[in-house]
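1. coordinates only, sequence not included:
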């Protein structure tokens, strides 16, 4: 097992109030799909407010690591602790509740509900958390404004461009003010200019709200928006040297 | 310093004469630019003076190529430090990196560690440029983008080499 070397917050990260204690920590994760091992003793740590890129070749296990960290997939061995509580020991219902209240998700494709308008999509997680419609939609509108896509509020996801849709998805992930945002190849379907802007807006919003970001990417230019990177190779995660 | 470190690395597998070293260097790294004998002797004289190699024996006859050199403990440490130190990220550094990877494989060190260290160094600079871009005007952004695209190309080479490291090790030891 490759240990994750504890690293101090980077100078840049420390300026943003990155906490010392890990917010989310995984140790010795193992997960296989059939006979194929996806994780073989992966360790990981992220502190509050930190942006960590998870990199590695295709099939190295980086998406599986993200799914285990987010409680979407249960590892066969190993533990995931969130704020000191063991995620792997929670019931499915408790884990789902935690995902709704504390975690936000941005994926490469298809996370928006096609029947709802963009505004309703962003308001949806707030409504599910019990916020009244008017307030939820007002907050959703603010987030669309912040992500520079206020003009698509009344449109459905099928009527907007890929870049706009991804910004709506980022707004939806951040609107409930999650403690951790899981972003899996968030720019994978975008051209480089739209991808850059999406990353600038995502990281700026996460920094403003103090959310930690687990950023799975194979693109180094996207990884350059992080505070540090973790490389997953053959199902094991190695923490790199601390960045500036 | 790369030639000196490379010759030191080649000496790690055992003592060699100057002409042997030149041949081994040219075979591995000198396809376009083979070493001159003069370069080898000047480099060995410097390494000898700095205590990084010692003369293990001298064959009868004339000329410096009669000396048989062996690496010293200080020389091994010097190679270690050179391999562990990432190269300054800049375009067209692949020859220095490639040399380090090959020397690591030939001397039984981790080539993967060298690639990982370099990846971190590249990303460190890419983060710096990305932050500079965020606060810069358009000309500044375009200047940063130019550097970022070059660094990205290096990173692709690092990934590709990491993926083929076992194959390269096999070929080198054939």
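-> Nice, I can see it. The structure displayed is predicted, hence computed values, not measured ones. Numbering: from 1, shown residues only, chains lettered A, B, ... in the order given.

2. Quick one: distance of stretch B:20-27 to the chain centre.
-> Distance of stretch B:20-27 from the chain centroid (C-alpha atoms, centre = their mean, to the nearest Å) equals 15 Å.

3. Buried residues of that stretch, list them for me.
-> B:20-25 (16 or more other C-beta atoms under 10 Å in any protein chain shown). Quick note: C-beta positions are derived from backbone N, CA and C, even for glycine.

4. possible to save those as JSON lines with distance to residue B:133?
-> Listed next are these as JSON lines, based on distance: C-beta to C-beta, whole Å:
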{"residue": "B:20", "distance to residue B:133": "50"}
{"residue": "B:21", "distance to residue B:133": "46"}
{"residue": "B:22", "distance to residue B:133": "46"}
{"residue": "B:23", "distance to residue B:133": "48"}
{"residue": "B:24", "distance to residue B:133": "45"}
{"residue": "B:25", "distance to residue B:133": "41"}
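
5. Output those in a markdown table; the columns should cover secondary structure, distance to chain A and pLDDT.
-> Output for the buried residues of stretch B:20-27, formatted as a markdown table (DSSP: H, G, I helix; E, B strand; the rest coil; distance: C-beta to the nearest C-beta, whole Å; pLDDT from 0 to 100):
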| residue | secondary structure | distance to chain A | pLDDT |
| --- | --- | --- | --- |
| B:20 | helix | 37 | 89 |
| B:21 | helix | 33 | 92 |
| B:22 | helix | 36 | 91 |
| B:23 | helix | 36 | 90 |
| B:24 | helix | 31 | 90 |
| B:25 | helix | 31 | 90 |
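
6. Relative to residue B:54, which of these is nearest.
-> residue B:21 (14.4 Å; C-beta to C-beta).

7. quick one: the most centrally placed residue in chain B from residue B:86, how far?
-> Closest to where the C-alpha atoms of chain B average out (C-alpha atoms, centre = their mean) is residue B:100, at 3.2 Å. For residue B:100, the distance to residue B:86 equals 9 Å [C-beta to C-beta, to the nearest Å].

8. is it true that residue B:89 touches residue B:152?
-> No: assessed by C-beta atoms under 8 Å, residue B:89 is found out of contact with residue B:152, at 11.0 Å.

9. Comparing the two, which shows the higher neighbour count?
-> residue B:89 (18 against 15; other C-beta atoms under 10 Å in any protein chain shown).

10. if I look at that one, how far off is residue B:129?
-> Residue B:89 is 10 Å from residue B:129, by C-beta to C-beta.

11. who touches both of the two?
-> Residues touching both residue B:89 and residue B:129 (C-beta atoms under 8 Å, 6 or more residues apart in numbering or on different chains): residue B:151.

12. hang on, the earlier thing: looks to me like the residue nearest to the centre of chain B is in a helix.
-> Yes: when classified by DSSP: H, G, I helix; E, B strand; the rest coil, residue B:100 is found to be part of a helix.

13. Tell me the spacing between the residue lying closest to it once chain neighbours are set aside and residue B:172.
-> Spatially, and ignoring its direct neighbours in sequence, residue B:100 is nearest to residue B:114 (5.3 Å; C-beta to C-beta, 6 or more residues apart in numbering or on different chains). The spacing between residue B:114 and residue B:172, counted by C-beta to C-beta, is 14 Å.

14. who has more neighbours, those two?
-> Set residue B:114 next to residue B:172 and count neighbours by other C-beta under 10 Å: residue B:114 wins out with 25 against 12.

15. List the residues that contact the more buried one.
-> Taking C-beta under 8 Å, 6+ apart, one finds B:83-84, B:97, B:100-101, B:104 in contact with residue B:114.

16. which of those residues tops the neighbour count?
-> Neighbour max across these (other C-beta under 10 Å) = residue B:100, 27 neighbours.

17. which residues does it contact?
-> B:82-83, B:87, B:111, B:114.

18. Where do the strands of chain A begin and end?
-> A:22-33, A:36-47, A:51-55, A:77-82, A:85-86, A:103-106, A:180-184, A:212-216, A:228-233, A:236-239 (DSSP state E).

19. Kindly calculate the angle that the third one makes with strand A:36-47.
-> Meaning strand A:51-55. For strand A:51-55 against strand A:36-47, the angle by axes from the mean of the first three to the mean of the last three C-alpha atoms, to 10 degrees is 160 degrees.
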